[in-house]
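Student: Sequence first, predicted model second:
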Amino acid sequence: MDSCAPATVHHRTVRIDGLDVFYREAGDPAAPTVVLLHGMPTSSFMFRNLIPLLSDRYHVVAPDMIGFGFSSAPAPDAFDYTFDSLAEMEHHLLDELGIGTFSLYVQDYGAPMGWRLALRDPDRITAIVSQNGNAYEEGFVPAFWDPLWTYARNPDDESLAEPLRRSLDLDMIRWQYLHGVANPETVSPDTWHHDHAMVNRPGNPEIQLRLYADYPSNARQYPAVQEYFRTSQVPLLAVWGRNDEIFGPAGAEAFRRDLPSARVHLLSGGHFLLESRLRTVADLMRGFLAGVTEPA
């Protein structure tokens, strides 16, 4: 890790299509840009500790998706809560900020956001870091995903929605942070309490159900994403919590099918690897990005 001090992190909001989009930004805008795309049920808050470890060398931007964090969360009848719509807002944000080419860090929901950005503008993507973010059918852990697939086929059946509503309970969000972690005492309870408060604001559970119902659209895009990998041979680092009971390690190994040069690291940890293996992930990222995004 370089010894120079990290840049100040700025917390900013920009108005796009009548909605507020919150983002964290640090580093020199003239440096190579790294865009960090968060998962569910969190926000750019998940990157609060990673950003300072990258921003001495990179321009780092971490937005909150619409419906998450400090970005606007209009009611479902006022915004089309699909992954296509969320990705469209991310695209508008990058254009608004004048970001040309960039590398991506994707995790959980951030992966389908990143894949849509890559399919739309493949020449803008210089490299990808996937941390427990799937692009293949392999890796979906059935015990976690089967209720979602069932609900997505019948989203009007309230009895099928109930297990997914429970996924927003404090204990279930706590589980997402602690499962697979060798020493749970290393994970701050701020994480699950913060996320629980944000996704349970009035009206937000209905937003999350809309996105659960749309999740199969992400899997339907996988063939196009895999073709993008094969044709672009984009540099990719998969750094994975190998004990993740949401996206299992097979999802990381699968990248090598279409990207033979992909770097795959399976670390002891769970779904939110940054909370227990922050320094290791940051070191792997810096080594990887230095070889693919910086001048020789």
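Tutor: Structure received. Numbers count the residues shown, from 1 in each chain.
Student: Am I right that A252 is in a strand?
Tutor: No. The assignment for A252 (DSSP: H, G, I helix; E, B strand; the rest coil) gives helix, which keeps it out of a strand.
Student: Show me where the stretch 151-296 of the chain has its helices.
Tutor: Assigned by DSSP state H, counting those that start in this stretch, the stretch 151-296 of the chain shows helices spanning 158-166, 170-178, 190-199, 204-214, 216-220, 222-232, 250-253, 255-258, 278-292.
Student: Which elements pack onto the longest one?
Tutor: It refers to helix 278-292. When contacts are defined as 3 or more Cβ pairs under 8 Å, 6 or more residues apart in numbering; DSSP states H and E, helix 278-292 sits against helix 51-54, strand 102-106, strand 125-130, strand 236-241, strand 263-267. Where C-beta positions appear, they are placed from N, C-alpha and C, glycine not excepted.
Student: Beyond the second one, next helix or strand please.
Tutor: For strand 102-106, the succeeding helix or strand toward the C-terminus, using DSSP states H and E, is helix 110-120.
Student: Select, out of the helices of the stretch 151-296 of the chain, the one closest to V129.
Tutor: Evaluated over those, closeness to V129 peaks at helix 278-292, with 5.7 Å, by Cβ to Cβ.
Student: And the closest residue in space to L170 that isn't next to it in sequence, how close does it get to V292?
Tutor: Closest residue to L170 apart from its sequence neighbours, by Cβ to Cβ, 6 or more residues apart in numbering: H196 at 4.7 Å. Shown here: H196 relative to V292, a distance of 37 Å by Cβ to Cβ, to the nearest Å.
Student: try G114
Tutor: 16 Å.
Student: More neighbours: which of the two?
Tutor: G114 (26 against 15; other Cβ atoms under 10 Å).
Student: JSON lines for the helices and strands packed on helix 278-292, including distance to P32, mean neighbour count and mean pLDDT?
Tutor: Shown next, in JSON lines, are the helices and strands packed on helix 278-292 (distance: least, Cβ to Cβ, whole Å; neighbours: other Cβ atoms under 10 Å; pLDDT from 0 to 100):
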{"stretch": "helix 51-54", "distance to P32": "10", "mean neighbour count": "22", "mean pLDDT": "97"}
{"stretch": "strand 102-106", "distance to P32": "7", "mean neighbour count": "25", "mean pLDDT": "98"}
{"stretch": "strand 125-130", "distance to P32": "7", "mean neighbour count": "23", "mean pLDDT": "98"}
{"stretch": "strand 236-241", "distance to P32": "15", "mean neighbour count": "26", "mean pLDDT": "98"}
{"stretch": "strand 263-267", "distance to P32": "18", "mean neighbour count": "17", "mean pLDDT": "98"}
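Student: Contacts only, for Y151.
Tutor: Residues in contact with Y151 (Cβ atoms under 8 Å, 6 or more residues apart in numbering) are D157, L160, A161, P163, L164, Y212, A213.
Student: Can you read off the pLDDT for it?
Tutor: pLDDT for Y151: 97.
Student: cool, the one 4 residues further on as well?
Tutor: At P155 the predicted local distance difference test score is 95.
Student: With C4 instead?
Tutor: At C4, pLDDT is 54.
Student: Then D214?
Tutor: We have a pLDDT of 98 for D214.
Student: Look up the closest residue to it, ignoring the ones flanking it.
Tutor: Sequence neighbours aside, T82 is the residue nearest to D214 in space, at 4.7 Å (criterion: Cβ to Cβ, 6+ apart).
Student: and that neighbour, what are its phi and psi?
Tutor: Listed backbone geometry of T82 is phi -130, psi 160, with angles given as degrees, to the nearest 10.
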